[in-house]
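>>> here are the coordinates; sequence isn't available:
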Ligand code: ATP
Ligand code: MG
């Protein structure tokens, strides 16, 4: 090898190579968008394997989404030739946490087949606990409790560690108690929520040094992408695991920190240098992704932020100046969608592929108009990172059946479908089941068994219950011997669930039946029922093996780390972007996070970017007039080109006088009455829209990715 450089190192610049080759000791790569941070991380992993520094199973690599994990796996294979077996520890924090927790479930009071609850289940459970404690649910809504509990979990706080003052913030000091009750209930249900996937592992590490030591030994090398968006719990987790070998490499960009509202702390970047003394810090300054105009516009915008670590970026300017960013105004959201769809078709005619284009929205309710337009025109599209498909009510019902069969103690699944379709179990019967479960401190399914064998229920209800239990037990017995797709069909048939929709005369029933078919089809991608269920609880991303040419539609939050030739950024209006809620809740910090989000959006583009705003936005049946986002104003003029739309109601000239700037000068905590109203309506929309959009309609862009995304990709989760 001496003197000869491995081929995968060839394409790197000097700084990148330095970051790749510094395999031992802590390394922090701090660099702007498109400078090759992810590429460095991937190459570093390949380098570790190629130089036999570690076995695949000794490397822990954290990505922000499941999709990113898959891509990284593929690229490593391409870099060193062939498929790499045994890379078991490459994934999101949540996926990795789930894996460790399943191995040591008993130390957390769970069994290894525990269920992972999604936000919806979580909310229902909290509601039950609030009611059971006799607290006025109207005054102290479950949503608020959920956000407290999530916040505590993000900071690594178990119920006993919640500061007394904070526990007081909910239900006159009962917050801490409710948190404890919620955790206890999760254990009875053999369930964990997303926060637990990290928190419980953290606790196991703290309470069982021998378990921690085992993992510390195992992970000789650790790699973390999108480090700026880790929360405290994640940071503690990493720090504990890296304690022995101290070979940890984190890459990030403080200007792309966009999950502060979910507990991420940019300070983790500063902490790193303190906790890992002698850490090597590498800065990358050359951007390989975007044209000079795109980079110039993005850099100019982010310069308005005060909270920055600061850095310079350059691109091969003479090589490609590129087009200026096009800015257009439209009469309303519909016209905006129509114009963008036309531009998409125009690009297509000029031989651009749909898959190289993306529409990035601030709030997912904006997607509706684009989806409608694309469906009308027959433009294939995919929604990325959104819980669109799996969040549908019928899909959730079907999944509840599957969950119950896999794990009968899953109360939330039981509750969801016990009387769906109606099988003669009225409210009274269901309440009786609940009461008995509470009294016996057991699960609904077990309580039902007791009830079916007693005289407590009326004969009709008892028979209905007994036959339901018998069905579940019978399906459960089929699990080992039958392909899970076939089993799913049997369950949907025999339960009467499919029939329920066949008999339904409403307009959306046929679509629901199609979705159920699609669900069974999607299960083919997984080997087992358990594997499938794990997937849907962790992944909210759309079909993974979908390589067809489709335009990408997603929220700005889920676009992190991605890149496209062409990017459309619609809806740049005050109140929508920056989002009013971010301003209301977090003031200047909220505004700066929104600006970073705009920076993330623009820097996704390689060749072309379009920014637009509408003079009127229809939110449900109500029209709201709007003014252009201050971010439009902040773009350096020499990198943008204003294109006047024929039907435009809001002209850029008008706005150029910056109506906004005047308003803002008068009232630094900006809030026009019009936007307040619009906001109220957005929130109303969030509640009344179909479930597909519920989760995302406000600030949330979880799958989570959180969620997606360090987890929910989702969920986020997205
Ligand atoms: P982000 O902050 O958006 O996550 P990043 O810093 O992770 O960006 P990458 O996605 O790794 O950047 O790289 C951006 C683009 O530049 C990719 O297309 C990548 O392949 C390309 N690139 C990175 N380094 C080089 C290089 N040395 N030579 C050529 N292309 C490169
Ligand atoms: Mg990246």
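Cool, the structure landed. No experiment lies behind these values; they were computed from the predicted model shown. Ligands and ions are numbered 1, 2, ... in the order given.

>>> chain center to the biggest strand by length in the chain, what's the gap?
Scanning the chain for the strand with the most residues, using DSSP state E, yields strand 605-619. Here strand 605-619 is found 23 Å from its chain centre; the criterion is C-alpha atoms, centre = their mean, to the nearest Å.

>>> and what of stretch 494-509?
That offset, for stretch 494-509, works out to 31 Å (C-alpha atoms, centre = their mean).

>>> Contacts for that stretch, please.
Applying C-beta atoms under 8 Å, 6 or more residues apart in numbering, the contact partners of stretch 494-509 are 394, 397-398, 401, 417, 420-421, 423, 471, 475, 491-493, 512-513, 516. No exception for glycine: its C-beta is placed from N, CA and C like everyone else's.

>>> Mind checking which of those residues are buried?
Buried subset of the contacts of stretch 494-509 (neighbour count, 16 or more other C-beta atoms under 10 Å): 394, 397-398, 401, 417, 420, 423, 471, 475, 491-492, 512-513, 516.

>>> circling back to that earlier point, lowest-confidence one in the contacts of stretch 494-509?
Looking at the contacts of stretch 494-509 by pLDDT, the weakest one is residue 512, with 78.

>>> quick one: that residue and residue 397 touch, right?
No - with contacts counted by C-beta atoms under 8 Å, residue 512 stays clear of residue 397, the gap being 9.4 Å.

>>> Report the rounded mean pLDDT for the longest strand of the chain.
Mean predicted lDDT for strand 605-619 stands at 89.

>>> got it, and stretch 559-571?
Stretch 559-571 comes out at a mean pLDDT of 95.

>>> taking the mean pLDDT, what do you get for the helix or strand hosting residue 336?
Using DSSP states H and E, residue 336 maps to helix 333-349. Across helix 333-349, pLDDT averages out at 94.

>>> what about the next helix or strand after that helix and ligand 1, touching?
As assigned by DSSP H and E, the chain's next helix or strand after helix 333-349 is strand 357-361. No - using C-beta under 6 Å from any ligand atom, strand 357-361 never reaches ligand 1; the gap is at least 12.8 Å.

>>> ok, residues contacting strand 357-361?
Under C-beta under 8 Å, 6+ apart, the answer for strand 357-361 is 340, 344, 347, 367, 370, 384, 551-556, 559, 562, 564-571, 601, 604.

>>> by contact count, what packs against the next helix or strand after that strand?
Sequence-wise, the next helix or strand downstream of strand 357-361 (DSSP H and E) is helix 367-377. Where contact means 3 or more C-beta pairs under 8 Å, 6 or more residues apart in numbering; DSSP states H and E, helix 367-377 is packed against helix 333-349, strand 357-361, strand 381-383, strand 551-555.

>>> again, only this time at 10 Å
helix 333-349, strand 357-361, strand 381-383, strand 551-555, strand 605-619, helix 691-694 (3 or more C-beta pairs under 10 Å, 6 or more residues apart in numbering; DSSP states H and E).

>>> Quick one: closest of these to ligand 2.
Among the helices and strands packed on helix 367-377, the nearest to ligand 2 by C-beta to the ion is strand 605-619 (13.7 Å).

>>> mind listing what's buried in that closest one?
Quick answer for strand 605-619 (16+ other C-beta under 10 Å): 605-617, 619.

>>> Is it positioned near ligand 1?
No - Strand 605-619 lies out of reach of ligand 1 by C-beta under 6 Å from any ligand atom, never closer than 7.6 Å.

>>> Which residue does the stretch 601-718 of the chain have closest to ligand 1?
residue 603 (6.0 Å; C-beta to the nearest ligand atom).

>>> Can you name the residues that contact the residue nearest to that residue when sequence neighbours are not counted?
Nearest residue to residue 603 in three dimensions, chain neighbours excluded: residue 33, at 3.6 Å (C-beta to C-beta, 6 or more residues apart in numbering). Taking C-beta atoms under 10 Å, 6 or more residues apart in numbering, we find residue 33 in contact with 253, 255-256, 287, 289-290, 294-295, 298-299, 302, 313, 560-561, 563, 599-600, 602-604.

>>> again with residue 27
Contacts of residue 27 by C-beta under 10 Å, 6+ apart are 18-20, 40, 44, 223, 247-251, 272, 276, 279-282.

>>> Buried ones from the residues you listed, can you make that a ChimeraX selection?
Here is the ChimeraX command that selects the buried residues among those (16+ other C-beta under 10 Å):
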select :18,19,20,40,44,223,247,248,249,250,251,272,276,279,282
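
>>> Show me the contacts of residue 27 that map onto helices.
18-20, 40, 44, 272 (DSSP state H).

>>> need the contact list for residue 252.
By C-beta under 10 Å, 6+ apart, the contact list for residue 252 reads 28-31, 37, 224-230, 266, 268-269, 272.

>>> what's across from it in the sheet?
Counting by DSSP bridges, residue 252 forms beta bridges with residue 30.

>>> Give me the distance between it and residue 562.
16 Å (C-beta to C-beta, to the nearest Å).

>>> quick one: secondary structure of the closest residue to residue 23 other than its chain neighbours?
Excluding the flanking residues, the one nearest residue 23 by C-beta to C-beta, 6+ apart is residue 53, at 5.8 Å. Secondary structure, DSSP: H, G, I helix; E, B strand; the rest coil: residue 53 is coil.

>>> Next, residue 53: phi, psi?
Note on residue 53: its backbone torsions stand at phi -70, psi -30 [degrees, to the nearest 10].

>>> hmm, back to that, of the helices and strands packed on helix 367-377, which is nearest residue 441?
Smallest distance to residue 441 across those (C-beta to C-beta): 31.9 Å, for helix 691-694.
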